[in-house]
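**Q** 3D model of this:
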Amino acid sequence: MKKNLPDLEIPEDLLSRLIEHARQEYPLESCGILAGKNGKITKLYSMENTHKSSFCYLMAPEEQLRVFQEIEEDGLELSAIYHSHPHSPAIPSQRDVDSAFYPDSIILIISLMEDKVPQIGAFQIEEGKFEKKTVKVNKDK
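**A** The predicted model follows:
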């Protein structure tokens, strides 16, 4: 890995919204963007999966561009791109590795394999390899 990205820190309410988005989209994959500073997530952008698929996702380029502009205007940075795995573990699939176009961003995966306990995995993906990152959930407001 060329650049070591910071681990993620996410407020509990944003994580709950992220899991809720994954459950609403089930059995399709949900997707979206997380913004913040130095790995501390402060903003969640739920996006539409234009592929309408249960094993891959695509965000509309114009919607992505609008979000990227808003992140920049707010003085934030792209911290992570998230998506759900409705039927598989929270580990990057080969498709996830092949389509990781933002090496400066973490890929966050929410697995709904076990409905009662969603699993979350964060990964830095670069040059066909991935490295697990830590996700710290911030309980205070």
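**Q** please count neighbours and contacts with C-alpha atoms only from this point.
**A** OK.
**Q** nearest residue to the middle of this protein?
**A** Computing the C-alpha centroid of the chain and ranking residues by C-alpha atoms, centre = their mean puts Y82 first, at 1.5 Å.
**Q** dihedrals phi and psi, that one?
**A** When read as degrees, to the nearest 10, the backbone of Y82 gives phi -110, psi 150.
**Q** assign the nearest residue to it once chain neighbours are set aside to helix, strand or coil.
**A** Spatial nearest neighbour of Y82, chain neighbours left out: L108 (4.5 Å); criterion: C-alpha to C-alpha, 6 or more residues apart in numbering. Counting by DSSP: H, G, I helix; E, B strand; the rest coil, the backbone at L108 sits in strand.
**Q** residues in contact with L108?
**A** Taking C-alpha atoms under 8 Å, 6 or more residues apart in numbering as the contact definition, L108 lies against A80, I81, Y82, H83, I120, G121, A122, F123.
**Q** returning to what we had before: and the gap between the residue nearest to the centre of the chain and D140?
**A** Y82 is 22 Å from D140, where distance means C-alpha to C-alpha, to the nearest Å.
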